Structure formats: C-alpha cells, structure tokens
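Undergrad: Generate coordinates for the sequence data below:
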Amino acid sequence: MTSIYALPAFSLRFYPIWRRNFLVWKKLMVASVLGNIADPLITLIAFGYGLGSMLKEVDGIPYIHYLASGSICMSVMMASSFEALYSAYSRMSVQRTWDALMNAPLALDDIVLAELLWSATKSLFSGVAILCVMFALGIGLHPQVLLVLPLLFFAGMTFAALGLIMNALARGYDFFTYYFTLILTPMVFLSGVYYPVAQLPSWLQLVSQFLPLSAAVNLVRPLVLGGWPQSPLLDLAILAAYCCGGFYAAMIFTRRRF
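TA: Numbering: from 1, shown residues only. Here you go, the predicted model:
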C-alpha cells in the first residue's frame, strides 16, 4: 500500500477526468463565466471610474489601468478557489464522482491532479474574459500581454493547490466560508490589487512579499502596462513553492480522507 506521504504519481490518466469536467462545464459555460467575472468586473467599473475620477493616478499610472491589472489576478484567484473548493467538494463528497472514478483504472493521484488542472483551466477562462473587457476599455494593448496567459494559468494552479487542501479537510460547505473570509479576502487587500503595497505598515509589507497573490500581481501588472516585471524569478519561485507545496499537502490530506 502506498504511503500517504509518498510523492504524487503523475500520469496521463488525469486527462479523461479533466475532459469529463470540461464537458460538464460546457453545458453551463455562459452562466459560469459570467458568474466568475461579475465581481471583478463590477469592482473594475465601480472603483476604476468612481474612485478613479477622484484619484487620477497611482504611481504615475491611470487608476483604472492600475486596478484592472490587479483585478485580473484577483479574478483568477477567486475562480480557481471556487472550483477547487465548492465544485471539487461536490464531486468528492456529495455526488460521489470520485468514488465512481476510482472504480476505473485510475488512482487518487490522477483525480486530484485533474482537479488541480481543471481549476486552473477554468480560472484561465475567467482571466481571458476579463482581458477582453480590458481590451475593450483600451487597457493592456501591448505585445507583452501575451505572456500574461501562462502566468494566469500558473497562478490558477497555485490557488487550486491551496484550495484542494481545504477541500480535503472540509466536512461541509460552511467550512469554506472561513477560508474565503480569513485567507483570501485579506490577501486581496494586502497584495497591491487596489493600492500600492508601499502604503501598508512596514510589517505588513513584509508579509505581502511572500503572498502568492502579490507574486501574481507583481508578474502580471507590468506586462499589462507594457513593461516587464522587476524580479520575475523571485515571484515565480514564490508561486512555484505554494503550488508544489500546496499540491503535496493536498495529496497527503486527501489520501488520509480516502
């Protein structure tokens, strides 16, 4: 019997599970995408034009441009987290889809990997939708913006890995409220989405440097604005650490549950 602490065993058997989730999602595609982009889109319009009419620039950047380049990362974080929490939990504990899948020649590692990649894929769809809105507003019309797509997918994987930890520990949907309220929401306000991190107290600035959303914003914002990240290797390393560490922890807790 495989130890619960063994490294995940990767194989291409995850693909049929990913495809199954995609085919189910296609039936509700429009409602799903609209639901995932509604909150960041409302925030972008309300704060970008409302607050932006009074606060013209932040760090020499038009405020709506500053906000848009952070909101797309927030959108990916929320979309990936919702899928890795509520949807994955439904398939695992309510619909018992995971139990059915394990009657096929599939391992639990294949299922969790498929959930990770599907959550990242779904969050990328939301990110692309936000990008289209930004383009319509004349934001992000630079060649560098093409590099944003793989970064959004990577960020989606990172937050999916963290979400799958909570999924494995949860005993009901109410458990996820704590994660959104105590982890994700504070992270939004500490990661430079709405205002520069330099405005925070020094000790919070230190905390912010090691948050995955901060790393994503630091990578994506300069590309959307037509520039280049200042420390891409450090930010990529932070995302990779959260992604790999989170996925390994998610596998351990999921194996314990099964």
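
Undergrad: all helices of the stretch 1-150 of the chain, in order?
TA: With helices called from DSSP state H, counting those that start in this stretch, the stretch 1-150 of the chain shows them at 14-26, 29-45, 63-82, 88-89, 97-101, 108-136, 148-169.

Undergrad: Distance check, the one residue sitting closest to the centre of the chain against residue 21.
TA: Centroid-nearest residue in the chain, with Cα atoms, centre = their mean: residue 77, separated by 2.8 Å. Residue 77 sits 19 Å away from residue 21, going by Cβ to Cβ, to the nearest Å. In short, each C-beta sits where N, CA and C put it, glycine included.

Undergrad: ok, now residue 255?
TA: For residue 255, the distance to residue 21 equals 21 Å [Cβ to Cβ].

Undergrad: quick one: which of the two has more around it?
TA: More crowded of residue 255 and residue 21, by other Cβ atoms under 10 Å: residue 21, with 22 against 18.

Undergrad: how much space between the more buried one and residue 28?
TA: Residue 21 is 12 Å from residue 28, by Cβ to Cβ.

Undergrad: likewise residue 105?
TA: In this view, residue 105 and residue 28 are 29 Å apart by Cβ to Cβ.

Undergrad: show me where pLDDT drops low in the stretch 101-250 of the chain?
TA: Nowhere does the stretch 101-250 of the chain drop to pLDDT under 70.

Undergrad: let's see 90
TA: Counting by pLDDT under 90, the stretch 101-250 of the chain contains low-confidence ranges at 104-106, 126, 129-130, 132-142, 195, 199.

Undergrad: Give me the residues contacting stretch 106-122.
TA: Contact with stretch 106-122 is made by 8-11, 13-15, 17-18, 21-22, 25, 32, 36, 79-80, 83-84, 87-88, 91, 98, 101-102, 153-154, 156-157, 159-161, 163-164, 247, 250-251, 254-255, 258, as judged by Cβ atoms under 8 Å, 6 or more residues apart in numbering.

Undergrad: What of stretch 201-214?
TA: Outside stretch 201-214, the residues that reach it (Cβ under 8 Å, 6+ apart) are 73-74, 77, 155, 158-159, 162, 187-188, 190-193, 197-198, 200, 238-239, 242.

Undergrad: Quick one: end-to-end distance for stretch 47-57.
TA: Using Cα to Cα, to the nearest Å, the end-to-end distance of stretch 47-57 comes to 13 Å.

Undergrad: meant to ask about stretch 182-202
TA: With Cα to Cα as the measure, stretch 182-202 spans 21 Å from end to end.

Undergrad: List the buried residues for it?
TA: Residues of stretch 182-202 classed as buried: 184, 187-188, 190-195, 197, 200 (neighbour count, 16 or more other Cβ atoms under 10 Å).
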